[in-house]
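Peer 1: With the input below, show me the fold.
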Amino acid sequence: MKKLFFLCLAAAFFIGCGEEATTKTEAAPKAEEPIKTAEYYYQHQDEMRIKVDECKKAQTMTERQEKECENVRKAKGKIASETGIDIRLGGK
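Peer 2: Numbers count the residues shown, from 1 in each chain. The predicted structure is shown next:
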């Protein structure tokens, strides 16, 4: 009877330890990256083209997405005014 009691106690201990271990190894939520500026997109035009395509396809946007899409439009406009070339959307 004592063996059964200690066996159950040991099993409960190990089960509890397993749950605690998985809780500690779970990834902490990532902090949001800062909103990328129009100047950033101006300097990273490949990324800007991808973002322009995403903005066009989005049916709804968060406030953060709206701000980034506005910054993409500003960068795109700056490039167009400097070069006279309108960057095609979606990498086409």
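Peer 1: shaky segments in this protein?
Peer 2: Residue ranges of the chain with pLDDT under 70: 2, 4-14, 16-30, 87-92.
Peer 1: how does it look with 50?
Peer 2: Residue ranges of the chain with pLDDT under 50: 19-22, 89-92.
Peer 1: quick one, helices of this structure?
Peer 2: Assigned by DSSP state H, the helices in the chain fall at 2-25, 38-43, 45-57, 63-83.
Peer 1: Just the CA trace of stretch 33-48, in PDB.
Peer 2: Provided in PDB are the C-alpha atoms of stretch 33-48 (Å, rounded to 0.1, in the frame of the first residue of the first chain):
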ATOM      1  CA  GLU A  33       8.400  46.200 -34.900                       C
ATOM      2  CA  PRO A  34       8.200  49.900 -35.300                       C
ATOM      3  CA  ILE A  35       6.200  51.200 -38.200                       C
ATOM      4  CA  LYS A  36       8.500  51.600 -41.200                       C
ATOM      5  CA  THR A  37       8.800  55.100 -42.500                       C
ATOM      6  CA  ALA A  38       8.500  56.500 -46.000                       C
ATOM      7  CA  GLU A  39      12.200  57.000 -46.000                       C
ATOM      8  CA  TYR A  40      12.800  53.300 -45.100                       C
ATOM      9  CA  TYR A  41      10.600  52.200 -48.100                       C
ATOM     10  CA  TYR A  42      12.400  54.800 -50.300                       C
ATOM     11  CA  GLN A  43      15.700  53.100 -49.400                       C
ATOM     12  CA  HIS A  44      14.300  49.500 -49.700                       C
ATOM     13  CA  GLN A  45      12.400  49.500 -52.900                       C
ATOM     14  CA  ASP A  46      12.200  45.800 -53.300                       C
ATOM     15  CA  GLU A  47      10.400  45.600 -49.900                       C
ATOM     16  CA  MET A  48       8.300  48.600 -50.900                       C
END
